[in-house]
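S.K.: sequence first, predicted model second:
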Amino acid sequence: MANPRIAVFCVGNRLHMDDGVGPAVFDAIKENYEVPDNVVLLDVGVMTMDLITYVDRCDVVIAVDAVEETGHPVGTIVRFKPEDMARRGVYTMSLHDMKLSDLFDAAMLVGYEAEGICLGMQVENTDPEYLTQEMTPAVQESLPHLIEALITELKAHGVVLQKKPQ
């Protein structure tokens, strides 16, 4: 598809340690790359039904979030479809009340359709004793790999992010 409309949902709570990987990816992309007009990059915090309009307006929706219970080491990047996480119980993604699969299920009920992709990182700690924006060392070290996974996913859909001049 030429020039697909893409929404990137960077999901997570910056103050809950490793749960902040989605917002950290948002910050890195905004700071270092030119985002073309056909891509909407959003720091969404937590998933809400308000995001359903993006499923209607976009061809592709990519969620970037922390994942747990993958069986992989901390820092491992995983890619899967929304239906793989809830209905099959493969991954726990979006440690919040609503998951991307819930959003897509609701969108299908009203006739909206978009391709959904989830990029997640296996995290270590999303429930720190004190609120902090610090991520655990293994997650911080793997953050460039999650950013690269998003850049690669966008490229697979015909979008090449250009680095901003230094």
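M.R.: Thanks, I have it. Numbering: from 1, shown residues only.
S.K.: so G20 sits in a helix?
M.R.: Yes: under DSSP: H, G, I helix; E, B strand; the rest coil, G20 sits within a helix.
S.K.: which strand or helix spans the residue nearest to G45 when sequence neighbours are not counted?
M.R.: Nearest residue to G45, sequence neighbours excluded (C-beta to C-beta, 6 or more residues apart in numbering): N13, at 6.7 Å. Where you see a C-beta, it was placed from the backbone N, CA and C, and this is true even at glycine. Using DSSP states H and E, N13 sits in no helix or strand.
S.K.: so N13 touches D19, yeah?
M.R.: Yes: shown here, N13 and D19 form a contact pair, counting by C-beta atoms under 8 Å, at 4.8 Å.
S.K.: so for these two, which sits in the more crowded spot?
M.R.: Between N13 and D19, counted using other C-beta atoms under 10 Å, the more crowded position is D19 (26 against 19).
S.K.: got the contact list for the more buried one?
M.R.: G12, N13, A66, L95, V123, T126 (C-beta atoms under 8 Å, 6 or more residues apart in numbering).
S.K.: wait, which of these is closest to V39?
M.R.: G12 (19.2 Å; C-beta to C-beta).
S.K.: which SSE is the residue most central in space within the chain in?
M.R.: Residue closest to the average C-alpha location in the chain (C-alpha atoms, centre = their mean): V64, at 1.1 Å. Following DSSP H and E, one finds V64 within strand 60-68.
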